[in-house]
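**Student:** can you look at this prediction? I've put the sequence above it.
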Amino acid sequence: MRRAASTSMHNLQELVNPGDSTGMQSRLAAMGAEAEEEGGEPVDKTERVIIVCNSLPLKMRHDPEGNAARGHSWLFEKDPDSIYGQSAGGILSGTSVEKVLFLGGLGSEVELFEQDAVAADLTARFNCVPVFLGAELKDKYYKGFCKQFLWPLMHYILPMSPASQGRYSKVNWQGYLAANKRFADKVVEVLNVDGDFVWVHDYHLMLLPTFLRKRYNTVRCGYFLHCPFPSSEIFRTFPNRDLVLRGLLNADVVAFHTFDYARHFLSCTTRLLGLNHKTERGALAVDYYGRSVSVKICPTGVNTDRLQEGVMSPETVAYRATFRAAFRGRKVFLGVDDFDIFKGIELKLQAFELLLSQHPELAETMVLVQVCNPARSGGREMQELQAEVATIVERLNATYGVTEGAGGDGGCVGGKKVVELIERGTSLQERIALLSVADCAVVTATRDGMNLLPYEYITCRQGPTDTVLGTADGYPSPRSSTLIMSEFVGCSSSLSGAFRVNPWNVDDIADTMYRAAMLSEVEAEARHEKHWKYISEHTVSYWAASNISELQRATEKLGNVRCYGLGFGLNFRVVTLDPNFQRMDRVVCAVDYAATTRRVILLDYDGTLVPSTTYDQPPSAALLKLLRQLSGDRNNAMVCIVSGRERSKLDDWFASAVPALGLLAEHGYWYKGPDWGDRAGWQCLAPAGTEEHIARWRTVVLPILEQYTDSTDGSFIKDKETSIVWNYCDSDPDFGSWQSKELMDHLESVLVNHPVDVFTGNGHVEIKPQGVSKGSAA
């Protein structure tokens, strides 16, 4: 038995003019030659990365007094907390890139008459290019679509109520589309397609790669999603799911925090678009019209240098002294979360209440400090959450604590409360101080893309780079830390030394809190050492450099391929072909056709003359008329249909309708000539003895196929007498693919001594005799 290679064909009926989409190298040479002829400057080959994000890494505030000096009434400064700003250093130091440019929106609306001055100022001082959307468009795009619809969807929340603001809105979708196009227009203004890499970020800009790819077929574009990517069962509820998936696939690299998110994305491309993915040298990739779209898994990190420098700043040291005095003699469990329904704050408090009810003696030796940053959204659910949190905290302190002393109003903390609730934002220095004194950090988010708090906690517990200085300030030596993490947080898979919990299981969280409270110092030190080794190596700089390096690797051969744009609107995609490929010139072909008098025309049926289907697709009246015209042309010596279908079916469709047509059935096993020839009846073209071989292996194959059909819902057997097809196109894509691979291995083992070929195709496995093919018959 020979195991044949799997092949696939795309019927490209129309290719646009290749002159608009030549390879990168030829375009670069042409531009350079043109510049020389005109006496202009040579083409700029500087490698840049354009980081495209919803919000620029800047802080801004209105400052009318500075208008005269700057030409506008706004004061800007770098945002040191922005992950985009922090990534620039890693890109410049870890790759061959020479410059980083930021492109994105601003936090406040700028009046039209000030926009030019603001743009010039930001470009000159911060390498930032602002995108001005306007209040109305921004409201539809950001608040209406991104926050009310897309963000909950990506976090597995579906708007079931008809009155929910989170229901899909076509108006908001149009706003999302328009905003992405506005971003694309701004990128095109500053883009040098032969020297720049475009790195697009997060769910706000999922359509941007399509707009860029439509403008420049060979644009080098990467995409990173900072939030979870939901399972296909959730994502398929999105009305515009196909367009968003195609938008991501128009990037060269699509990156995620975890394998789970990447796996969900790959599942969506298979189930919703029918695409296949593969592994190339340890990396995942999706086959998309000849392009290999790399799928990268690379979690973000933190700027450890910044945090380690901050632990010994005067403000941090003062905060740390206050907290140590307030919590002296007690183990500090710390939670720092945005006041958000996904953060599981109430679940954490319920678990702590259960812990104290089971072990009331711990009330004297433990304290839970919960920092709740201001809520970013409102609504009934948020009000209910805030009320529930306040009620539990009040009950806990009333039952187990002494209420004298300062409270959690944002000032000092202390007293003998068992829960200190801080409902306000905290400065970097205060947060570092809290993290450095906490014995255990608790993260119980029900769904979170990454959540860098555990990374920050481990870094702050490590203390300054000067270990002697840290020990003198009260840091334990060796360092220690304890983590309790939700298994639904992106970084949980990276920090294997943490206690992982199901946040919905309050009993599990309470038991884990008890284990953490009783943990020995030796084990806490070992867990900390393991975590610190990983975090110190996988910093935000490493993350940025790794993503850009992958983008460089994925696009290094772009200059050696031919690219053709196909499709309209958001269905646009690029077909990549071998550099030696030459598109058939229809004019030349028509001239040659008219000049010849002895033509042989071979026409494939399924997938060429009619669409490929899992049912019998008869020829249309228009197709039959066209075939009669071709076969009736005296200059056509032979017009023949070539098909894998059985001969009886071809007879039914064509024998009487187009009698002058030749027919090749069952992949060339049978041939029937036109009615005017001397081979008008069906004739076997297979080698002698083939029929006997078929009879022998059929008795082996059919019971096996029946077994797989019985266990694979949606599959069926197509028996063509000379070949057998097991079709699983209508089955679950993943299960069908697994079953087909298992079937191939099974058949390979039982047919090893039989003269038979086994082929895998798009949704089917076919078994046919050796020496029989369309090519040999033709």
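**Tutor:** Perfect, I can see it now. Residues are numbered from 1 along each chain as shown.
**Student:** quick one: stretch 356-369 to chain centroid distance?
**Tutor:** How far stretch 356-369 lies from its chain's middle: 43 Å, per Cα atoms, centre = their mean, to the nearest Å.
**Student:** again, but for stretch 139-153
**Tutor:** That offset, for stretch 139-153, works out to 19 Å (Cα atoms, centre = their mean).
**Student:** cool, stretch 586-593 as well?
**Tutor:** From the chain centre to the centre of stretch 586-593 is a distance of 44 Å (Cα atoms, centre = their mean).
**Student:** ok, and what's touching it?
**Tutor:** Arg599 (Cβ atoms under 8 Å, 6 or more residues apart in numbering). In this view, the C-beta of every residue, glycine as well, is placed from N, C-alpha and C.
**Student:** stretch 499-519 now?
**Tutor:** 331, 333, 344, 347-348, 350-352, 354-355, 358-359, 362, 365-366, 440, 442, 444-446, 482-488, 492.
**Student:** among those residues, which are in strands?
**Tutor:** Residues of the contacts of stretch 499-519 located in strands (DSSP state E): 331, 333, 366, 440, 442, 482-486.
**Student:** now these as JSON lines including neighbour count, distance to Ser536 and pLDDT?
**Tutor:** As requested, these are exported to JSON lines (neighbours: other Cβ atoms under 10 Å; distance: Cβ to Cβ, whole Å; pLDDT from 0 to 100):
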{"residue": "Lys331", "neighbour count": "18", "distance to Ser536": "26", "pLDDT": "95"}
{"residue": "Phe333", "neighbour count": "24", "distance to Ser536": "24", "pLDDT": "97"}
{"residue": "Met366", "neighbour count": "25", "distance to Ser536": "30", "pLDDT": "95"}
{"residue": "Cys440", "neighbour count": "23", "distance to Ser536": "21", "pLDDT": "97"}
{"residue": "Val442", "neighbour count": "31", "distance to Ser536": "23", "pLDDT": "97"}
{"residue": "Thr482", "neighbour count": "24", "distance to Ser536": "18", "pLDDT": "96"}
{"residue": "Leu483", "neighbour count": "25", "distance to Ser536": "16", "pLDDT": "97"}
{"residue": "Ile484", "neighbour count": "23", "distance to Ser536": "22", "pLDDT": "97"}
{"residue": "Met485", "neighbour count": "25", "distance to Ser536": "19", "pLDDT": "96"}
{"residue": "Ser486", "neighbour count": "25", "distance to Ser536": "23", "pLDDT": "96"}
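**Student:** quick check, nearest of the residues you listed to Ile535?
**Tutor:** Nearest to Ile535 among those is Leu483, at 11.2 Å by Cβ to Cβ.
**Student:** which residues touch the closest one?
**Tutor:** Taking Cβ under 8 Å, 6+ apart, one finds 440-441, 443, 454, 457-458, 495, 497-499, 527, 531 in contact with Leu483.
**Student:** give me that answer again for 7 Å
**Tutor:** If a contact means Cβ atoms under 7 Å, 6 or more residues apart in numbering, then Leu483 has 441, 454, 495, 498-499 as its contacts.
**Student:** kindly check the end-to-end length of stretch 677-687 for me.
**Tutor:** One end of stretch 677-687 sits 23 Å from the other (Cα to Cα, to the nearest Å).
**Student:** now that stretch, how far from the chain's geometric center?
**Tutor:** 53 Å.
**Student:** next, the buried residues of it.
**Tutor:** 682, 685-686 (16 or more other Cβ atoms under 10 Å).
**Student:** re the thing from before, in helices, which of the contacts of Leu483 fall?
**Tutor:** Among the contacts of Leu483, DSSP state H puts Pro454 in helices.
**Student:** turn the contacts of Leu483 into CSV, including distance to Glu646, neighbour count and pLDDT.
**Tutor:** Output for these, formatted as CSV (distance: Cβ to Cβ, whole Å; neighbours: other Cβ atoms under 10 Å; pLDDT from 0 to 100):
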residue, distance to Glu646, neighbour count, pLDDT
Ala441, 67, 26, 97
Pro454, 62, 26, 96
Leu495, 59, 19, 92
Ala498, 61, 26, 95
Phe499, 63, 19, 97
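**Student:** for the contacts of Leu483, which one is nearest Val295?
**Tutor:** Distances from Val295 to the contacts of Leu483, taken by Cβ to Cβ, are shortest for Leu495, at 23.0 Å.
**Student:** which residues sit in contact with the closest one?
**Tutor:** 454, 483, 485, 531.
**Student:** one more time with 8 Å, if that's ok
**Tutor:** Neighbours of Leu495 in contact, by Cβ under 8 Å, 6+ apart: 454, 458, 483, 485, 531, 534.
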